[in-house]
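Visitor: Need coordinates for the below:
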Amino acid sequence: EGDVEGTYASLGHIKNFFDTLRLCLNLYRYTGKKKINSRMTKSDLMKLELERQYAVGRRPTSVNFADAVKNRVSGVSAASRRSGSVSSASTNAIDCQVKLESNMANETALICLDMLELFVNKFQDELEASGRGDNELMSSVFNLMLTFLEIHQSQEVLSHVFASLRAFIHKFSPCLFEGKSDYCAELCYQILLKCSSSVRAIRVESSVVFYLLMRCSFEFVADSFFRVHLQSIVALSQLIADGGLHQAEHFLRRSINMIESFSTRDQGAAPAFSEEVKDLTARLRNVLHATAEMKKHEGDPEVLVDQQYILANSYNNSPQLRLTWLESMAKRHEADQNFSETAHCYIHIAALIAEYLKRKGQYNLGAGAFSPITGNVTEETFIKEDVTSASVQIYNEDDLMVRLEQCLFWLEKAERYEAMVFILSLLQPFYEQRRDYQSLSDTFRTLSASCAKVVEVERTRRRVLGSYFRVAFFGEPFGNDNGTQYIYKEPKVTHLIVLSPRLENLYTEKFGPGMVTLIKDSAKVDVDELDLDKAYIQITHVEPYFTEEDLTERKTMFERNDNLRRFFYQTPFTKGSKRRGDVGEQWMEKTILTTGNSFPYVKKRISVVHEEEFELTPVEVAIEELNRKLVELIRALEKQPTDVVELQRVLQGIVSVQVNAGPLAYANAFLSDESVATLPKNHIRALRKVFRELMRCCDDAIQLNARLVTPEMVSYQDDLKQKYHILARALFGFLEEKDEPEEKD
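Guide: Alright, predicted model coming up:
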């Protein structure tokens, strides 16, 4: 330890030394009696019992063997440790091992803490190098300090740790409040975690340290502790998202009350400081209140994510807090295997960072760079940064690149390969600027693989990106959701018989048996006929709605399953009392619903903001139904490799000649001379056009099936071909062009 030049160890050796101390803390940490007991073998127990008996036989009976072990570890005489009467005879082998390990953990922690304090006192100037502690030496020291808080310690050890921590805060205020924000953030996280301890003494100590952190920050920064304020809320939000509180919110509330009481009793505190403490404690309580509300909906994933989304939106003035809750939503979706929603949470996070960097003048594109993927990212352009944080650099280019990589991972899991291509185009300029050719090579390899997958899924048509349902809630038990309707997005191919019992069971468990009723049809609900003291749920399958212009622009299957805001469902009716009738009298009510955001989104359900309805006449119903069959047949024809079973199923449903149903029934009803004379000409033209296209595709399908059919299915092919020719002959007269009368206005 002399002052001779060249006697100090190198930086690498010093870092290794601190890594060794951290390793010691982890290796010798106390794991608890239950865990010790579970790993003990019979031979271990026998050995310990023999050692105990040997020790008892050779030592005075008034000395506990555990005390002797403790003395041996700590190097203190047995006489100086003795307190009260003990009975070594009652100490069994496991108790000995438990006390041995607990004492060993204490001694190890105290030795490491002594070494840390000696180093900090000796090399304070070196630790403060660069003025704000932004150096590897400080990073090693700080990581060791955090390790003391991260590892479960005894109350006695923690009292020494908190004392060292108080001294550290006083000595290195520039590092905490002016240097890297990571130091302050990690410290706030660990102190708040200790504030939720069930042991009152630990809560008091940690509350004192937290108060000191605020007070020192206020004095150092000149009348503001914004960094501690912000990082505390971020830390609490992260604790909740990580599940770190474990039902200990009430203990944390007590600590928050204690911290607030410190400011009122601190006579030396400035009034502005006390007001800011009150503001921070109020915000921390609000986060805990929001957590309590979320816990009520733990079994309802859609409502739980809604609550997290509301909390994320409430932090538009704090990019870090908004990011924390977006990440929490991503983790929830990940746990439920909602990969599209997980990916879009990370897309919003990346857009938020991009917008932040744009406002700092460090990135040209901002959140708008992601608008080709989803229009929902305009939300991230509304962020407002608190003026007190303007001088603090929260995110940088590396943070954006990390988030873009996360987007790629989850988009691939969600099979949204087309969006991956765009994310890769955002990453590429960063690698080019840095001359990072290895990453560029990986990027082009990923791009090639993504494009190949796009080609494959478009060829096979086997990718399903989601199913959609309208869910309407009626009844007072739903609270604010009473009378509200949502569009729910469910994974891949999800049927109504899967979603309906899930929601029924979920709300029955929430409201009680006999309180929930499913409305099983899609007709408009007359609220006056309902008992609003009960809960009613109406679930209807919906499909994306496109205009002719939309279909022209959305050419691929991916484009027709992405950025969806409009959905429709149809309700059949007749002008009489019956719901259904013959094709000539079957009307249809089409309902188009528009959501507030587009799917996929950071949530699985989005509220409906607009609804429009219109009626389809029987001939319009026929045109729509035939168009649907035509699209289904075209898909079966284009699928590669051809799914013969699907092709035959679709073809069979078209060519089977029936009098009262199918294409021939529509022709008889609307293309007879009497009908042609009365129906609008544009409808007649549209109907004939779709019939011709349908028959042309049926001919192609018959020929394709003939090439693929196996020998045992030849008779089935002959039957399909015969039915096709019968249908074609029957339709020939209806499809023949005739002089049509002028249509009246």
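Visitor: What about residue 707, how many residues nearby?
Guide: Burial of residue 707 is recorded as 8 neighbouring residues (other CB atoms under 10 Å). From N, CA and C alone the C-beta is placed, and that goes for glycine too.
Visitor: Within the helices and strands, which one has it?
Guide: Using DSSP states H and E, residue 707 sits within helix 681-708.
Visitor: average pLDDT across that helix?
Guide: For helix 681-708, mean pLDDT rounds to 92.
Visitor: Number the residues from 870 up from this point.
Guide: In the new numbering, first residue 870, that becomes helix 1550-1577.
Visitor: Export the helix or strand just after that helix to PDB, keeping only CA atoms.
Guide: Heading C-terminal from helix 1550-1577, the first helix or strand you meet, by DSSP H and E, is helix 1583-1604. This file holds the C-alpha atoms of helix 1583-1604, laid out as PDB (Å, rounded to 0.1, in the frame of the first residue of the first chain):
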ATOM      1  CA  VAL A1583     -61.300 -41.700 -60.500                       C
ATOM      2  CA  SER A1584     -65.100 -42.400 -60.000                       C
ATOM      3  CA  TYR A1585     -65.300 -39.400 -57.700                       C
ATOM      4  CA  GLN A1586     -63.700 -37.300 -60.400                       C
ATOM      5  CA  ASP A1587     -66.100 -38.600 -63.000                       C
ATOM      6  CA  ASP A1588     -69.000 -37.700 -60.700                       C
ATOM      7  CA  LEU A1589     -67.700 -34.100 -60.200                       C
ATOM      8  CA  LYS A1590     -67.200 -33.700 -64.000                       C
ATOM      9  CA  GLN A1591     -70.700 -35.000 -64.700                       C
ATOM     10  CA  LYS A1592     -72.200 -32.600 -62.100                       C
ATOM     11  CA  TYR A1593     -70.200 -29.700 -63.600                       C
ATOM     12  CA  HIS A1594     -71.600 -30.400 -67.100                       C
ATOM     13  CA  ILE A1595     -75.100 -30.600 -65.800                       C
ATOM     14  CA  LEU A1596     -74.800 -27.300 -64.100                       C
ATOM     15  CA  ALA A1597     -73.100 -25.700 -67.100                       C
ATOM     16  CA  ARG A1598     -76.000 -26.800 -69.400                       C
ATOM     17  CA  ALA A1599     -78.600 -25.600 -66.800                       C
ATOM     18  CA  LEU A1600     -76.900 -22.100 -66.600                       C
ATOM     19  CA  PHE A1601     -76.300 -21.700 -70.300                       C
ATOM     20  CA  GLY A1602     -79.800 -20.200 -71.000                       C
ATOM     21  CA  PHE A1603     -79.500 -17.900 -68.100                       C
ATOM     22  CA  LEU A1604     -76.100 -16.500 -69.100                       C
END
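Visitor: so where's the stretch 1370-1519 of the chain shaky on pLDDT?
Guide: 1446 (pLDDT under 70).
Visitor: those helices in it, which residues are they?
Guide: 1417-1422, 1487-1507, 1513-1524 (DSSP state H, counting those that start in this stretch).
Visitor: want to throw those into CSV with mean neighbour count?
Guide: As requested, the helices of the stretch 1370-1519 of the chain are exported to CSV (neighbours: other CB atoms under 10 Å):
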stretch, mean neighbour count
helix 1417-1422, 10
helix 1487-1507, 18
helix 1513-1524, 17
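Visitor: Tell me which of those approaches residue 1397 most closely.
Guide: Residue 1397 lies closest to helix 1487-1507 among the helices of the stretch 1370-1519 of the chain, at 30.0 Å (CB to CB).
Visitor: And the closest one, what does it pack against?
Guide: Applying 3 or more CB pairs under 8 Å, 6 or more residues apart in numbering; DSSP states H and E, one finds that helix 1487-1507 contacts strand 1456-1468, helix 1513-1524, helix 1532-1539, helix 1550-1577.
Visitor: So which bits of the helix or strand hosting residue 973 are buried?
Guide: Element membership of residue 973 [criterion: DSSP H and E] is helix 962-991. Buried residues in helix 962-991, defined by neighbour count with 16 or more other CB atoms under 10 Å: 962-978, 981-982, 984-985, 988-989.
Visitor: Could you name the helices and strands sitting against whichever helix or strand comes after that helix?
Guide: Later in the chain than helix 962-991, the nearest helix or strand by DSSP H and E is helix 993-996. Identification of packing neighbours for helix 993-996 by 3+ CB pairs under 8 Å, 6+ apart yields helix 1005-1019.
Visitor: buried residues in the helix it packs on?
Guide: 1006-1019.
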